[in-house]
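# Here is the input, now give the coordinates:
(one chain, ligands or ions: 1)
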Amino acid sequence: MRAVFLNAVNELVATQVSRPRPEAGESLIRVLACGICGTDRHIYKGEYPSAKPVILGHEFGGLIEEVGAGSKFSVGQLVSVDPNIVCGKCDDCIAGRTAFCPDLTALGVNINGGLAEFVLTPDSQIYPVRTDLNPLHLAFIEPLACSIRGMDLAELKGGEKVAVLGGGVIGLLVVQLAKLAGASEIVLITRQKFRRDVALQIGATKVVDPISEKLADVVKNMDVTFECAGAIETFKDAQVITRRGGSVIVLGLTPADVELEIKPFSIVVNELRIQGSYLNPLTQARAAELVGSGDLKLDILISKVVDLSGVQTILDAPPAEGDIKYIVCP
Ligand code: NAP
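Prediction:
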């Protein structure tokens, strides 16, 4: 089978390897779609830890090609995959904090993932989806599961004023989740006009270009701000535009060694909650259901669909102006 390996930082190799065979408790999945996300770029550039060599790709799904002995799945079933494998037995797993499992390992990060024709997948990670789902939408289920985690932590009850910093896939999924959760205002702040226009079509009530407008003057007193850009400026901006007693939910990843100064006094007197949101603990099934419901606008987020030979070009350059989601169909 063909696969794209990350051999070293900034070094990808598309190559032919033998197709794995599933043992009991595993299935072989024929990948129909695998998304490329911001985290893949961080991994490629050495800003997020991964095994090497490893087949990248953690946002994928496809058809079950072969099952191990005694499997509950059937050949030909359309499935999504939760790439994050945990022990299920430690205190954190039992408490539902699976992202903190000390044995956490991830398909496409530490073990071979979805940028390949086939992926050997533990059955525990497989979530069947409706048979008529557009296969390209499989690539949105994992990022949606991470976004749902952020929504859970935000505890929206309806009627809140919500800001979203960063108009990539995560930000544009959060905009849609905030709308479904009944937010009264949804402000998307991102630099690219095309993304701002898309946001207005999928639920944002206002969009802001942080370059041409002074953010603090035009966005104030938000109940909840989602930081979905992973930049130092946006992490700072989030604290400025959130009301006293409000929440900042941080989904964006900066490189692991980035540090910045914060003002503890300001956090205390403003009772600001700065809450990280990491991975998709127990949210993959809900994401698969929501994507299957058709309630999200996903086609508008797809910018380019390529085969495995297109991965190198995508990872070598930042996303082109206006592009949102790249999907690989191996
Ligand atoms: P993405 O496509 O790179 O989107 C982030 C966007 O933020 C950028 O494309 C950029 O769009 C915008 N941005 C950057 N600097 C900005 C600024 N100063 N002001 C306003 N907007 C700014 O990435 P993504 O796939 O949506 O993911 C977003 C972040 O979440 C990444 O850091 C990713 O690694 C992380 N992530 C975290 C989790 C988790 O579990 N916590 C899961 C998945 C992804 P413009 O050019 O339009 O400004």
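
# rest of the way, CA atoms for contacts and neighbours
Fine.

# which element is residue 65 on?
strand 59-67 (DSSP states H and E).

# Pull up the pairing partners for that strand, direction included.
Counting by DSSP bridges, the strands paired with strand 59-67 are strand 26-36 (antiparallel), strand 78-81 (antiparallel).

# Let's have those in a markdown table, adding mean neighbour count, distance to residue 158 and mean pLDDT.
Converted to a markdown table, these look like this (neighbours: other Cα atoms under 10 Å; distance: least, Cα to Cα, whole Å; pLDDT from 0 to 100):
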| stretch | mean neighbour count | distance to residue 158 | mean pLDDT |
| --- | --- | --- | --- |
| strand 26-36 | 27 | 31 | 98 |
| strand 78-81 | 28 | 30 | 98 |
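
# To the ligand, which of those lies closest?
Evaluated over the strands paired with strand 59-67, closeness to the ligand peaks at strand 26-36, with 7.8 Å, by Cα to the nearest ligand atom.

# can you pull out the helices in the stretch 101-250 of the chain?
Taking DSSP state H, counting those that start in this stretch, the helices of the stretch 101-250 of the chain run over residues 141-154, 169-180, 193-202, 215-218, 232-241.

# can you list those in a markdown table and add mean neighbour count, distance to the ligand and mean pLDDT?
Formatted as a markdown table, those follow (neighbours: other Cα atoms under 10 Å; distance: least, Cα to the nearest ligand atom, whole Å; pLDDT from 0 to 100):
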| stretch | mean neighbour count | distance to the ligand | mean pLDDT |
| --- | --- | --- | --- |
| helix 141-154 | 23 | 5 | 98 |
| helix 169-180 | 24 | 4 | 98 |
| helix 193-202 | 18 | 6 | 98 |
| helix 215-218 | 12 | 10 | 97 |
| helix 232-241 | 19 | 5 | 97 |
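
# now these in TSV, with distance to residue 287?
Shown next, in TSV, are the helices of the stretch 101-250 of the chain (distance: least, Cα to Cα, whole Å):
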stretch	distance to residue 287
helix 141-154	5
helix 169-180	11
helix 193-202	18
helix 215-218	32
helix 232-241	26
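
# Show me the one of these that comes nearest residue 47.
helix 232-241 (14.8 Å; Cα to Cα).

# Just give the closest residue to the residue positioned nearest the centre of the chain, not the sequence neighbours.
The residue lying closest to the centre of the chain (Cα atoms, centre = their mean) is residue 143, at 2.6 Å. Nearest-residue entry for residue 143: residue 170, 6.5 Å, with adjacent residues in sequence omitted and distances by Cα to Cα, 6 or more residues apart in numbering.

# My read is that that neighbour contacts residue 227, right?
No - taking contacts as Cα atoms under 8 Å, residue 170 lies outside contact range of residue 227: 9.6 Å.

# Residue 321 reaches residue 191, doesn't it?
No - Residue 321 is not in contact with residue 191 according to Cα under 8 Å; the separation is 10.1 Å.
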